[in-house]
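>>> no sequence on this one, just coordinates:
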């Protein structure tokens, strides 16, 4: 008898695990702007918001004025891909530090960097794109 009850509880285990994964996915999409295509992929057929549709802007700042836009070098493409997928503060800081090292090697000097991650949305009727800031970081370079 006890074995039958335990067997009945185990039959619900896959459903419980699935619900935990879905809730975890929804939390990261809503709270941290995780691309809905990742973390379970439950949004991949309902949205165009995925890594390549997001873009990163990096600016050199001086006195909070944009002096130059900095292109992300090809060697940092994996870091940039991670940032587009999950624009968290940790990923923003990682890219900022890598770009700081890159600028130091190429002998450029600016007091601050700004890293921004932008996403695009499309109007449901006209399909006109609009862009929105997902996250940004102002990074002071070490002298």
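Received it, and whenever you're ready, just let me know what you need. These figures come from a predicted structure and were not determined experimentally.
>>> Show me which residues of the longest helix seen in the chain are buried.
In the chain, with assignment by DSSP state H, the single longest helix is helix 13-32. For helix 13-32, burial by neighbour count (16 or more other C-beta atoms under 10 Å) applies to 25, 26, 28, 29. C-beta coordinates here come from the backbone N, C-alpha and C atoms, glycine included.
>>> Wait, a helix at residue 9?
Yes: under DSSP: H, G, I helix; E, B strand; the rest coil, residue 9 sits within a helix.
>>> any idea of the pLDDT on it?
On pLDDT, residue 9 comes in at 77.
>>> Then residue 59?
94.
>>> Make 29 the starting number, not 1.
From this message on, residue numbering opens at 29, which makes the last subject residue 87.
>>> Listing request: residues of this protein with sub-threshold pLDDT.
29-31, 67-74, 78-79, 171 (pLDDT under 70).
>>> before we move on, back to that, now the buried residues of helix 41-60 as a markdown table including distance to residue 36?
Shown next, in a markdown table, are these (distance: C-beta to C-beta, whole Å):
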| residue | distance to residue 36 |
| --- | --- |
| 53 | 28 |
| 54 | 28 |
| 56 | 32 |
| 57 | 33 |
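>>> which one of these is nearest residue 165?
Each of those was scored against residue 165 by C-beta to C-beta, and residue 56 proved nearest at 18.9 Å.
>>> And for the closest one, nearest residue in space, chain neighbours not counted?
residue 62 (4.0 Å; C-beta to C-beta, 6 or more residues apart in numbering).
>>> tally of neighbours for the one you found?
21 (other C-beta atoms under 10 Å).
>>> what about the strands in this structure?
Using DSSP state E, the strands assigned to the chain run over residues 83-90, 93-97, 140-150, 157-168.
>>> Using TSV, lay out those strands together with mean neighbour count and distance to residue 39.
Putting the strands of the chain into TSV (neighbours: other C-beta atoms under 10 Å; distance: least, C-beta to C-beta, whole Å) gives the following:
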stretch	mean neighbour count	distance to residue 39
strand 83-90	17	46
strand 93-97	11	57
strand 140-150	18	41
strand 157-168	14	41
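>>> and those as CSV, adding distance to residue 131?
Shown next, in CSV, are the strands of the chain (distance: least, C-beta to C-beta, whole Å):
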stretch, distance to residue 131
strand 83-90, 8
strand 93-97, 10
strand 140-150, 8
strand 157-168, 11
